[in-house]
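Undergrad: give me a 3D structure for the following:
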Amino acid sequence: MTDRHAGPPGASAPGGPSAAPDGGAAVPGDRCGIVGEVAFAAVCAALGVYAVVAAGSIRVPPGSSSVLGPRFFPYFVGTLLLAASVAVIVAIARGHRGLPEEEEDVDPAAKTDWRTVLLLVLCLLSQLVLIELAGWPIAVAVLFTGAALALGAKRWWVAAPSGLGLGLLTQLVFGAWLGLSLPAGPLLDWIPVLHG
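TA: Purely as a prediction, here's the structure:
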C-alpha cells in the first residue's frame, strides 16, 4: 500500500521535517517546546496571583466617588492572567500545542535581535525614571516613540505625537475618570482635569 501523501525520496514526512514518519510527535526539540509553554503558563499564573494579591493592598480613599475604583483594573488583569494560564495548561494537557503554522513567514534559523531587545528594555527603564521627573504623559510618549523606533518605525514625527496622545488619554482615563493619581509632571501640572 502506498502513501498518497508521500513526496519524493528523501523528503520529510507530511507533518513537516520535525514530525515522525508515523505521524507521532517524536521531535527532538519537542520537550523544549513543552517546557516553554508550561513556563509561560507558570509566569502568567504567578503574575496573575501577584496582581490579585497586590490589588487588595491598594488604598481606596474614603468617600471615593469612582464607580470602579483603583482596584478594578488590577483585579481584572490578574483574573485574565490566571484564566490564560489555566487555558494554556488545559490545552497542553489535551495535546494541543503551539506549533508554528506552515504558512507563517518565520525563519526558524533566525537569531534573536539583541539590539532591539536592549532598546526596548532601555525604553521601559526610561519610563520608570521619567514618570516622576516629567510626568506620566511625557514618560508614555518617550516609551511609545522609543519602542516604535526600536521595532522599525521610520517616521518618529508620527510616533511621538501618537505616544503623547496615548499618554494624555491614559492620564485622563485613570486620573480624571477613575480617580487615580498619575503624576502629570511639571509641564502639565497646571491642567486641573489631569489630576486624580
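Undergrad: C-alpha from now on. contacts and neighbour counts both.
TA: Noted.
Undergrad: distance from the top helix by length along the chain to the middle of the chain?
TA: Of all segments of type helix in the chain, defined using DSSP state H, the longest is helix 30-55. The chain centre lies 13 Å from the centre of helix 30-55; the measure is C-alpha atoms, centre = their mean, to the nearest Å.
Undergrad: now do the buried residues in it.
TA: Across helix 30-55, burial judged by 16 or more other C-alpha atoms under 10 Å covers 37-38, 40-42, 44-45, 47-49, 51-52, 55.
Undergrad: I'd like the next helix or strand past it.
TA: The helix or strand immediately downstream of helix 30-55 is helix 72-93, counting by DSSP states H and E.
Undergrad: re earlier: quick check, nearest of the buried residues of helix 30-55 to residue 187?
TA: Within these, distances to residue 187 taken as C-alpha to C-alpha reach their minimum at residue 55, with 30.1 Å.
Undergrad: and the closest one, what does it touch?
TA: Listed by C-alpha atoms under 8 Å, 6 or more residues apart in numbering, the contact partners of residue 55 are 71, 74, 75.
Undergrad: what about the last one, how many neighbours?
TA: Think residue 75. Using other C-alpha atoms under 10 Å as the criterion, residue 75 is surrounded by 20 other residues.
Undergrad: what does the first one give?
TA: When neighbours are defined as other C-alpha under 10 Å, residue 71 has 19 of them.
Undergrad: grab the nearest non-local neighbour of it.
TA: Counting by C-alpha to C-alpha, 6 or more residues apart in numbering, residue 55 is the residue found nearest to residue 71 once chain neighbours are left out, at 5.4 Å.
Undergrad: roughly how far apart are that neighbour and residue 48?
TA: Per C-alpha to C-alpha, to the nearest Å, residue 55 is found 10 Å from residue 48.
Undergrad: same thing with residue 124?
TA: 21 Å.
Undergrad: what does residue 130 give?
TA: Looking at residue 130 against residue 48, where the rule is C-alpha to C-alpha, the gap reads 26 Å.
Undergrad: residue 131 too?
TA: Counting by C-alpha to C-alpha, the separation of residue 131 from residue 48 is 24 Å.
Undergrad: please apply the same query to residue 60.
TA: Residue 60 sits at a distance of 21 Å from residue 48 (criterion: C-alpha to C-alpha).
Undergrad: go ahead and confirm residue 138 touches residue 166.
TA: No - with contacts defined as C-alpha atoms under 8 Å, residue 138 does not count as touching residue 166, sitting 9.9 Å away.
Undergrad: more neighbours: the two, which one.
TA: Of the pair residue 138 and residue 166, residue 138 is the one with more neighbours under other C-alpha under 10 Å, namely 25 against 17.
Undergrad: mind listing what that one touches?
TA: If you count contacts by C-alpha under 8 Å, 6+ apart, residue 138 has them with 130, 131, 164, 167, 185.
Undergrad: contact partners of stretch 139-153?
TA: Residues outside stretch 139-153 that contact it (C-alpha under 8 Å, 6+ apart): 116, 119-120, 123-124, 126-128, 130-131, 156, 159-167.
Undergrad: of those residues, grab the buried ones for ChimeraX.
TA: The ChimeraX selection below is limited to those of the contacts of stretch 139-153 classed as buried (16+ other C-alpha under 10 Å):
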select :119,120,123,124,126,127,130,131,159,160,162,163,164,165,166,167
